[in-house]
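S.K.: here is a sequence together with a model predicted from it:
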Number of protein chains: 2
Amino acid sequence: MNAVQPPLEQSFSVPFTYAVHFTEHLFAPQNPLFRDYLSQPSPTGQPKRLLFVIDAGVLSAHPTLTAEVAAYVAGIPTATLVTQPMGVPGGEAAKNDPALVDQLIDAIDQYGIDRHSYVIGIGGGAVLDLVGYAAAIAHRGVRHIRIPTTVLSQNDSGVGVKNGVNYRGKKNFIGTFAPPVAVFNDAHFLTTLDERDWRAGIAEAVKVALIKDLAFFEWIEAQAEALAHRDAEAMSGLIYRCAAMHMQHISGGDPFEQGSARPLDFGHWAAHKLEYLTHFSVRHGEAVAIGIALDTVYSQLVGRISAHDAERVLHVFGQLGFDLFHPALAENNSENLRRGLTEFQEHLGGQLTITLLDALGTGIEVHEMDFELIQQAVERLESKLMYNE
Amino acid sequence: MNAVQPPLEQSFSVPFTYAVHFTEHLFAPQNPLFRDYLSQPSPTGQPKRLLFVIDAGVLSAHPTLTAEVAAYVAGIPTATLVTQPMGVPGGEAAKNDPALVDQLIDAIDQYGIDRHSYVIGIGGGAVLDLVGYAAAIAHRGVRHIRIPTTVLSQNDSGVGVKNGVNYRGKKNFIGTFAPPVAVFNDAHFLTTLDERDWRAGIAEAVKVALIKDLAFFEWIEAQAEALAHRDAEAMSGLIYRCAAMHMQHISGGDPFEQGSARPLDFGHWAAHKLEYLTHFSVRHGEAVAIGIALDTVYSQLVGRISAHDAERVLHVFGQLGFDLFHPALAENNSENLRRGLTEFQEHLGGQLTITLLDALGTGIEVHEMDFELIQQAVERLESKLMYNE
Ligand SMILES: NC(=O)c1ccc[n+]([C@@H]2O[C@H](COP(=O)([O-])OP(=O)(O)OC[C@H]3O[C@@H](n4cnc5c(N)ncnc54)[C@H](O)[C@@H]3O)[C@@H](O)[C@H]2O)c1
Ligand SMILES: NC(=O)c1ccc[n+]([C@@H]2O[C@H](COP(=O)([O-])OP(=O)(O)OC[C@H]3O[C@@H](n4cnc5c(N)ncnc54)[C@H](O)[C@@H]3O)[C@@H](O)[C@H]2O)c1
Ligand SMILES: [Zn+2]
Ligand SMILES: [Zn+2]
């Protein structure tokens, strides 16, 4: 039979489109953006069913939000809330409790959310990862709108295509690739972030600038003081440009990461390890800043960039208020980092691929790292020798 | 800020390719097919890691399978079993127990299955749906190979892009669209199917033939007796053609079902209801045969096809050994069916869209059904009046 039945070859492409909108006070009655988005009548003529899920940290910083959302949606004839917005714990707790996934799936079931309804997450990257995951697996995917409320989620996690939850302590062990149908970045939410969350997300912008866009890096240098002093306009410019680069990277490359290249992981191999070692008391963006600093100094040590360029990177992080060293890096002669490198390779599942800098604004992939030089880079960060050179 | 920051528009397509291979005795030492598939060296030079998950019903019908798989893989230098093949309950039980999903996720974790390793499911459609789901959510998707062992899974569910499990009794409430990397249809497995599973899967072939391909329907008419007597060659021809049509439908249309059209759901609105009403004691394919019979008679009653054509459909189902009536359909003046139609519309989430026959080999979508005529069609099936006309 084998001979007479050649294999059937399947091949197709699945198109995805969505827009990331920028606004302020999305749910103010006079703001038409969200209303307009939902204003197309549905094929059945029935109002579109909306289930809102909101980060508890956002709810406590914006206590009138629930009422504003309810009032705003009441003013959209083509949409209806299936229930009052649900609160879920903010931060990593959102992703650590499997009962929360069940709670969302139950709500999707109970309130009759189908593939033509909308699940709308408002919150930081963690809550959006949870809500996006539940929306992706219920009915094999219901429509999902993200309203990110942190710098990191507005310029990075919230505008991309991934979701995930933790499983028995393993970060993002479970998840899918599932693009949202729309994203609404509301700058007003950023005003209530604490210092650390305001700062942390900036590291991802420094990252994309360093590996892809010298002009953007120079813009960040010029705006560093303004950003450090919570200037809203500077932040808005940073988020817009970073989100755009992140989205271009996704559409120009391998959106569902079917291959092995991970250029956006610049600085992330050490960052991941540091987050684990500190039980996530170091925020992702904080760890990324340290990881970038390390790989920048390493890039200098292998002769790819000048000491002057490396110092520019460390200097801008300093101006932004980042710490560039953590004691966990140096423990046991940096043995933690040696393990981190191995784990990163296992995570890639193939060849080790690390992004270094070939110039400010230009990343380059390498397939090995010299551990002695990594140790030297750690020592330099520790002693802040760099600043004295 | 709104004015100066136009929305960022994202748009990309994700390509998917896989082949469905046809063979017999896939794990016989002299069969090179599976070995060849895995023979490319991996980028790291490490053997590819394989986790097999096997339907307990298949294991009891093929007691030497585990040993054959282990011996076969031992002969592939570029691959390694991470553990002995795991057994999971066969049939709908596989999809009803959330602990099984956790058990597979745990195995993927414990045995270090990453995005470059393979999770390989061997079994009926239910086990493949379970294994495919776990593989799709672990690490946001690890490589998944399907080895379907029933007629239905070889010609329909196993060659497509969906997976799913049941949630609190709701069929397929949770799942994703996640194409396999390869499918291997091994005809030998079919020899151990019981009568009902051998027959049930044939209904899906009759379905695609009736809505898309008159010549295939005529081929099925010619082969009906051979199929009823478990002729392997006839079955092999039926599966190949049905799988090919199913795959063409996916690639030519809307692979991840982002729109509302569901032409392959011919006969399925009543079938779904009947499966529920009978607590799944009626098999999917058995219910589909009844649903097709109903919508075929209905197509005649509304004047789309002749009585002669309708009879040809009923006749071929009769030859194949299908029952074309179930008492649950007629209960309370077919009130069950009235509800089934409403539920199907809710399931589509938009306009009601039902496929009828416009001719043998030609489906046509309609957006309403006359309930009186549905009742008449049920009565005709019940009284088998059709045969006497
Ligand atoms: N899906 C992806 O592609 C992707 C990419 C990067 C990071 N992530 C994930 O994102 C998460 C981190 O997200 P994050 O940095 O946005 O932090 P976070 O979601 O952990 O939130 C941090 C804290 O800020 C609070 N908060 C959120 N918005 C607020 C606001 N406007 N005002 C006051 N408090 C507010 C939260 O309640 C929480 O306590 C991690 O889980 C990480 O894995 C996902
Ligand atoms: N994913 C999809 O696109 C899709 C499409 C249609 C149906 N399905 C699903 O497929 C499932 C039905 O699948 P099915 O019809 O293959 O039946 P099944 O998987 O329920 O298996 C039926 C029985 O046959 C046994 N069995 C399997 N292979 C055998 C073999 N070779 N010899 C002896 N016994 C064997 C099983 O253990 C089980 O007891 C349903 O859950 C349905 O929802 C999925
Ligand atoms: Zn990051
Ligand atoms: Zn079917």
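M.R.: Ah, there it is. Ligands and ions are numbered 1, 2, ... in the order given.

S.K.: nearest to ligand 2: which residue in chain A?
M.R.: A:Arg140 (9.5 Å; C-beta to the nearest ligand atom). All C-beta atoms are positioned from the backbone trio N, CA, C, and that covers glycine.

S.K.: so what's that residue up against?
M.R.: Counting by C-beta atoms under 8 Å, 6 or more residues apart in numbering or on different chains, A:Arg140 makes contact with A:Arg115, B:Lys162, B:Gly164, B:Asn172, B:Gly175, B:Thr176, B:Phe177, B:Glu257.

S.K.: how about A:Gln154?
M.R.: A:Gln154 is in contact with A:Pro148, A:Asn185, A:Leu190, A:Gly201, A:Ile239, A:Ala243, counting by C-beta under 8 Å, 6+ apart.

S.K.: let me know the distance separating A:Ile292 from A:Leu320.
M.R.: 12 Å (C-beta to C-beta, to the nearest Å).

S.K.: more neighbours, those two?
M.R.: Under the criterion of other C-beta atoms under 10 Å in any protein chain shown, the comparison of A:Ile292 against A:Leu320 puts A:Ile292 first, with 28 against 20.

S.K.: any idea what A:Asn185 is bridged to?
M.R.: A:Asn185 has the following beta-bridge partners by DSSP bridges: A:Phe22.

S.K.: just send the contacts of A:Arg140 back as TSV, with pLDDT and secondary structure too.
M.R.: Formatted as TSV, the contacts of A:Arg140 follow (pLDDT from 0 to 100; DSSP: H, G, I helix; E, B strand; the rest coil):
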residue	pLDDT	secondary structure
A:Arg115	83	coil
B:Lys162	97	strand
B:Gly164	97	coil
B:Asn172	92	strand
B:Gly175	98	coil
B:Thr176	98	coil
B:Phe177	98	strand
B:Glu257	88	coil
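
S.K.: next, the closest residue in space to A:Trp269 that isn't next to it in sequence: phi, psi?
M.R.: In space, not counting the residues next to it along the chain, A:Trp269 is nearest to A:Phe344; the distance is 3.9 Å by C-beta to C-beta, 6 or more residues apart in numbering or on different chains. In terms of degrees, to the nearest 10, the main-chain angles of A:Phe344 are phi -60, psi -40.

S.K.: which residues does A:Phe344 contact?
M.R.: When contacts are counted by C-beta under 8 Å, 6+ apart, A:Phe344 touches A:His268, A:Trp269, A:His272, A:Lys273, A:Leu352, A:Ile354.

S.K.: what's the closest of these to chain B?
M.R.: A:Leu352 (8.9 Å; C-beta to the nearest C-beta).

S.K.: how close does the spatially closest residue to that closest one that is not a sequence neighbour get to A:Asn333?
M.R.: Nearest residue to A:Leu352 in three dimensions, chain neighbours excluded: A:Gln345, at 4.2 Å (C-beta to C-beta, 6+ apart). To A:Asn333, A:Gln345 is 20 Å away according to C-beta to C-beta.

S.K.: neighbour count winner among these two?
M.R.: A:Gln345 (17 against 11).

S.K.: break chain A down into its structural domains.
M.R.: A:19-192, A:195-250+A:258-388 (automatic domain parsing).

S.K.: just the endpoints, please. Distance across the first one?
M.R.: Read it as domain A:19-192. Taking C-alpha to C-alpha, to the nearest Å, domain A:19-192 runs 25 Å from one end to the other.

S.K.: among the contacts of A:Gln154, which ones are in helices?
M.R.: A:Ile239, A:Ala243 (DSSP state H).

S.K.: what's the farthest-apart pair in the contacts of A:Gln154?
M.R.: Farthest pair in these (C-beta to C-beta) is A:Leu190 and A:Ala243. Separation: 13.3 Å.

S.K.: these two - which one has more neighbours?
M.R.: The residue with more neighbours, out of A:Leu190 and A:Ala243, is A:Ala243; 27 against 22, by other C-beta under 10 Å.

S.K.: from A:Asp36, how far off is that one?
M.R.: Applying C-beta to C-beta, the value for A:Ala243 to A:Asp36 is 21 Å.

S.K.: okay, strands next: where are they in the stretch 1-150 of chain A?
M.R.: Remark: strands assigned in the stretch 1-150 of chain A by DSSP state E, counting those that start in this stretch are A:8-23, A:48-55, A:79-81, A:86-88, A:118-123, A:143-148.

S.K.: make TSV out of the ones you listed and add mean pLDDT and distance to A:Ile250.
M.R.: TSV is the format used below for these (pLDDT from 0 to 100; distance: least, C-beta to C-beta, whole Å):
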stretch	mean pLDDT	distance to A:Ile250
strand A:8-23	97	10
strand A:48-55	97	24
strand A:79-81	97	28
strand A:86-88	98	26
strand A:118-123	98	19
strand A:143-148	98	14
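
S.K.: now render those strands as JSON lines, adding mean neighbour count and distance to ligand 2.
M.R.: Shown next, in JSON lines, are the strands of the stretch 1-150 of chain A (neighbours: other C-beta atoms under 10 Å in any protein chain shown; distance: least, C-beta to the nearest ligand atom, whole Å):
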{"stretch": "strand A:8-23", "mean neighbour count": "18", "distance to ligand 2": "14"}
{"stretch": "strand A:48-55", "mean neighbour count": "24", "distance to ligand 2": "26"}
{"stretch": "strand A:79-81", "mean neighbour count": "18", "distance to ligand 2": "31"}
{"stretch": "strand A:86-88", "mean neighbour count": "18", "distance to ligand 2": "30"}
{"stretch": "strand A:118-123", "mean neighbour count": "27", "distance to ligand 2": "23"}
{"stretch": "strand A:143-148", "mean neighbour count": "27", "distance to ligand 2": "21"}
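
S.K.: closest one to ligand 1 among those strands?
M.R.: Short answer: strand A:48-55, nearest of those by C-beta to the nearest ligand atom, at 4.7 Å.

S.K.: least reliable of the domains of chain A by average pLDDT, please.
M.R.: Among those, domain A:195-250+A:258-388 has the lowest mean pLDDT, at a mean of 92.

S.K.: hmm, that one touching ligand 1?
M.R.: Yes: shown here: domain A:195-250+A:258-388 in contact with ligand 1 (C-beta under 6 Å from any ligand atom) through A:Asp197, A:Ala200, A:His284.
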